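Novice: Sequence first, then the predicted structure:
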Amino acid sequence: MSIAYTIAGFAVGAIVGLTGVGGGSLMTPLLVLLFGINPSVAVGTDLLYAAITKAGGTVAHGMKGTVDWAITRHLAMGSIPAAALTLLLVGTFAPGGIEGAASMIKFSLGIALLLTAVAIIFRKQIQDYALRHSSGVENPRRTTALTILTGAVLGVLVSISSVGAGALGVSALFFLYPRLPTLRIVGSDIAHAVPLTLVAGIGHWFLGSVDWSLLGSLLIGSLPGIWLGSHISTRVPDRVLRPILATMLVLVGSKLIAA
């Protein structure tokens, strides 16, 4: 069974390194549906798995210069406090605990990801329309505030369901920074996911929902997987990477809705 966990870790790690999407969105359903892991344990273990895995991806993207550290910092300013506060409130007050809130959030997020996939496929048409109808004057302060707000939303989603750090984060950055190359969006989102999933994972550890043996088996496969995916991504043109990303969002969204 540990070999199967390692193979799953490698596959998901490679997908995350290539697209920035698929950590919690793929690994958590995989652990629950394929391996029969308790949902709360799957979420908690996956968060720490994502933190360590995406740290490797961040190193790879950082060496290639595909991380916008200002965007990463602004996202973290919203996500880390939101994640800590959410876990505190859920652990103290929520009926049914984390599992009670996760199913509703995953369904809603699945719908959002399907719509986002359509938007990414038609990104150029949407971008051209926006540029034609805009004043051409950017508002950096407004964009920064929206980035921090996006981080806060991600902090809530990720701490409850382990889903959103990659899929929803990448989607939001496409709309906030339409002129930024896809590869820099992916790299920045992976870098932001490291502190967010680490804080949320530590919170779940305190709640007793982390399987350390399972975590070790996943990491053995995921670290080389995300390193490989991150290096391959720098050689994939934007016109190829964008359809791959949209396809990933469709698969993830459909899985979340059907789960």
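Specialist: Happy to help now that I have it.
Novice: Do you have the helices of the stretch 1-150 of the chain handy? List them.
Specialist: 2-19, 23-29, 39-64, 69-93, 97-121, 123-132, 140-161 (DSSP state H, counting those that start in this stretch).
Novice: mind listing what's buried in the fourth one?
Specialist: This points to helix 69-93. 71-76, 78-80, 82-84, 86-87, 90 (16 or more other CB atoms under 10 Å). In short, each C-beta sits where N, CA and C put it, glycine included.
Novice: likewise the longest one?
Specialist: By neighbour count, with 16+ other CB under 10 Å as the criterion, the buried positions of helix 39-64 are 39-61.
Novice: residues touching the spatially most central residue of the chain, list them.
Specialist: In the chain, the C-alpha nearest the mean C-alpha coordinate belongs to Gly166, at 1.8 Å (CA atoms, centre = their mean). By CB atoms under 8 Å, 6 or more residues apart in numbering, Gly166 lies in contact with 16, 19-25, 189-190, 193.
Novice: Could you dump these into CSV with neighbour count, distance to Gly253 and pLDDT added?
Specialist: Below are the contacts of Gly166 laid out as CSV (neighbours: other CB atoms under 10 Å; distance: CB to CB, whole Å; pLDDT from 0 to 100):
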residue, neighbour count, distance to Gly253, pLDDT
Val16, 33, 17, 78
Thr19, 26, 14, 74
Gly20, 34, 15, 68
Val21, 29, 11, 70
Gly22, 25, 12, 64
Gly23, 32, 15, 72
Gly24, 30, 13, 73
Ser25, 32, 8, 73
Asp189, 32, 17, 90
Ile190, 35, 20, 88
Ala193, 32, 18, 91
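Novice: Export those residues to TSV and append columns for distance to Arg141.
Specialist: Formatted as TSV, those follow (distance: CB to CB, whole Å):
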residue	distance to Arg141
Val16	32
Thr19	30
Gly20	26
Val21	29
Gly22	33
Gly23	31
Gly24	31
Ser25	32
Asp189	22
Ile190	26
Ala193	25
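Novice: closest to Ser209 among these?
Specialist: Set against Ser209, the nearest of the contacts of Gly166 by CB to CB is Gly24 (13.8 Å).
Novice: and the residue nearest to that closest one when sequence neighbours are not counted, how many neighbours does it have?
Specialist: Closest residue to Gly24 apart from its sequence neighbours, by CB to CB, 6 or more residues apart in numbering: Ser162 at 3.6 Å. Ser162 has 32 neighbouring residues, counting by other CB atoms under 10 Å.
Novice: Please verify my assumption that Ser162 contacts Leu30.
Specialist: No. Proximity of Ser162 to Leu30 does not meet the contact threshold set by CB atoms under 8 Å, at 11.6 Å.
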